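**Student:** my questions are about this predicted structure, shown below with the sequence.
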Amino acid sequence: MKDFDNLCSNCFAQLTGGSICETCGYDNDAETNMMYLRPKTVLNDRYVIGSVVVHESDAVVYMAYDSQIDAVVNVREFLPKGIANRLEGNNDVHIRERYKANYEKYKASFVKLWSTIIKMRNLSAVVPVFDVFELNGTAYAVSEHMETISLREFLLRNPDGNILWDQVRIMFMPVLTTLEALHSNGIIHGAICPDNLVLCRDGKVRLKSFCITEANMISSDLEFNANDGYTALEQYDNNHKMCPATDIYAFSACIFRALVGQNPPDSKSRETNDKLMIPNTIAEKIPTHIIKALGGGLQIYPEKRTQTIDAFREQLSVAPTVVAAAAQKQEIPEKDPVEEEEFYRGYPGYDAPKPKSNTGKVVIAILVILIIAAAIAGAYIVKNGGINKPEEDTTAPVSTATYTVPDFVSSGYTQSDIQNNGAWNNQFTISFTSDYSKDVAEGVVFKQSIDAGETVNEKTEIVLTVSKGIKTEVLPDVGGMSVEEATKELEKLGFTVSTVEIYNNGGNTPDTVKSRYGMAPGAGEEVAVGEEIILQVYGEVVTTTTQPDDDTNE
């Protein structure tokens, strides 16, 4: 293997002017967080680890060098945020105690995901992956390194922040073939957004930042990949499942952003206000069939959304001339204007049709109603013996309806599920409160004020408690403190503390916490109350004294 000591850890060019790389500007003396592999670490006798590119929800991405093919690559290490880290000087991954049961399951998902993608390296919109292996108590995926810019950055470089459909079509349509192949192999990307669609030097648009499914659902232990405006409702809501339509929603939102120049509203807010506004000056430049296709792809609820990539591709590809020709061949019955308005209400760029003038019909209708009313009144007078006959008391006896209280807890209902259930809201007066729960996912109801199965009167108030998830605190920086002070500070916030003794060369006070990167999880991280915090503590100074040989007789 070649000597990498004098190569830049970021671009692997030869260093010629000290630690600062003249090629890419990277400072090779910059300190590396202890939770990451040290630069120049070699994996599988082949991959030389370099600088950290990004730490995403389920993995950290490194620049690396493949000594076998003599090329710069990217190595993705499974290192889920908040769940796994490593202690200084140890390549093995350290798993936090409460997550050990799920870690192996998540790691298996990672291996399966990238082992599937490696077989699809010929897809035009996927960065080629060519190795997957397990090591250091975790797993790795190796992919080709490509110079790219994100779709978001590309759009921001345009004067108006948007582009026309003809350019969007050339960029986006080839990606659909890749998405279709991924879906057929059981892969839902789950995090498509303008930052994860990238333009490469070969002119192709590719998908990046694939994560395991658990990283794309709010109910998981893993940090949730939320992209406001692009994350579908089912990724927030446990009662709707992720499916191919999840990617169709996000992909439609990216097309919307490219055409309109702004992000669509967040899917959660659209539950109560489903409006996608397109300025008229922009809407008139977008073909009508594209607006309708986006309407189908951006439906709030997944079951109402366009279900397959094939159907979505067809909707995007329908040209107005083809539609007109089809209309001439087959006569289509005219829709009721009210039906049509309801069908397209909420679609991007839809303007409700103005009502036609029906003055003549209205006058005739009023006359007919007046004649019928007069006839009914005459019949009533004859039947009841005249106008002045005393009225009878027709008030119906009051009866109080009763209902059985449903089980709001066991089924995992969310607040929005219950608020959208008309029957329950007619039968009961339902209100909500919230509290922390270590056992129930955020947003899910876990307590009800009246037990399921009880019979109560109509409009009885039922208070439902919605989980705020696990209570968390931001870890304070206790670096440099004594063990006693640091422990007291952390235990006051509800954490448990354990320590690991590290070597003291004499320049540090014994029984103090290492100042930089001396705790895991790290200072500033948001951690569940009750979690174990590991502190690296300096031991006593180690000295070696050599006694001289006694060769003299005094």
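**Tutor:** Structure received.

**Student:** so Ser57 sits against Asn227, correct?
**Tutor:** No. Using CB atoms under 8 Å, Ser57 is not in contact with Asn227, being 11.6 Å away. Glycine gets a C-beta too; all of them are placed from N, C-alpha and C.

**Student:** tell me if Phe110 really is in a helix.
**Tutor:** Yes. Under DSSP: H, G, I helix; E, B strand; the rest coil, Phe110 sits within a helix.

**Student:** tell me how many other residues crowd the closest residue to Arg516 other than its chain neighbours.
**Tutor:** Leaving out its chain neighbours, the residue that sits closest to Arg516 by CB to CB, 6 or more residues apart in numbering is Gly479, at 6.4 Å. As a burial measure, Gly479 scores 18 neighbours (other CB atoms under 10 Å).

**Student:** helix, strand or coil: sort out the nearest residue to Glu22 once chain neighbours are set aside for me.
**Tutor:** Closest residue to Glu22 apart from its sequence neighbours, by CB to CB, 6+ apart: Thr16 at 5.9 Å. Here Thr16 is recorded as coil under three-state DSSP.

**Student:** surely Thr16 and Leu7 touch.
**Tutor:** No. If you go by CB under 8 Å, Thr16 and Leu7 don't touch, sitting 10.9 Å apart.

**Student:** ok, now which ones touch Asn508?
**Tutor:** Residues in contact with Asn508, defined by CB atoms under 8 Å, 6 or more residues apart in numbering, are Lys514, Tyr538.

**Student:** quick one: it and Ile533, what's the gap?
**Tutor:** 20 Å (CB to CB, to the nearest Å).

**Student:** confidence score at Thr545?
**Tutor:** The score at Thr545 is 51. That number is its pLDDT.

**Student:** before we move on, what about Ser399?
**Tutor:** pLDDT, read off for Ser399, is 46.

**Student:** next, count neighbours for Glu531.
**Tutor:** Neighbours around Glu531, by other CB under 10 Å: 20.

**Student:** pretty sure it is touching Asn85, no?
**Tutor:** No. Using CB under 8 Å, Glu531 is not in contact with Asn85; the gap is 11.9 Å.

**Student:** any common contacting residues for those two?
**Tutor:** Arg96, Pro521.

**Student:** now for Ser410, how many residues are close by?
**Tutor:** Applying other CB under 10 Å, we find 10 residues neighbouring Ser410.

**Student:** for it, what are its contacts?
**Tutor:** Contacts for Ser410 (CB under 8 Å, 6+ apart) come out as Ala452.

**Student:** where's it relative to Gln536, distance?
**Tutor:** 44 Å.

**Student:** rewinding a little: neighbour count winner among Thr16 and Leu7?
**Tutor:** Regarding Thr16 and Leu7, a neighbour count based on other CB under 10 Å identifies Leu7 as having more, with 20 against 10.

**Student:** surely the more buried one touches Leu15?
**Tutor:** Yes. Between Leu7 and Leu15 a contact is recorded at 6.6 Å, counting by CB under 8 Å.

**Student:** low-confidence stretches in the protein?
**Tutor:** Low-confidence segments of the chain (pLDDT under 70): 1-2, 238, 318-399, 411, 438, 543-554.

**Student:** those helices in it, which residues are they?
**Tutor:** Remark: helices assigned in the chain by DSSP state H are 100-118, 151-156, 165-184, 244-260, 267-270, 280-283, 288-297, 309-317, 320-329, 337-344, 359-383, 415-419, 422-427, 483-492.

**Student:** what's the second one packed up against?
**Tutor:** To tie it back to what came earlier, the one meant is helix 151-156. In terms of contacts (3 or more CB pairs under 8 Å, 6 or more residues apart in numbering; DSSP states H and E), helix 151-156 is packed against strand 197-200, helix 244-260.

**Student:** one more time with 6 Å
**Tutor:** Here helix 151-156 touches no other helix or strand, going by 3 or more CB pairs under 6 Å, 6 or more residues apart in numbering; DSSP states H and E.
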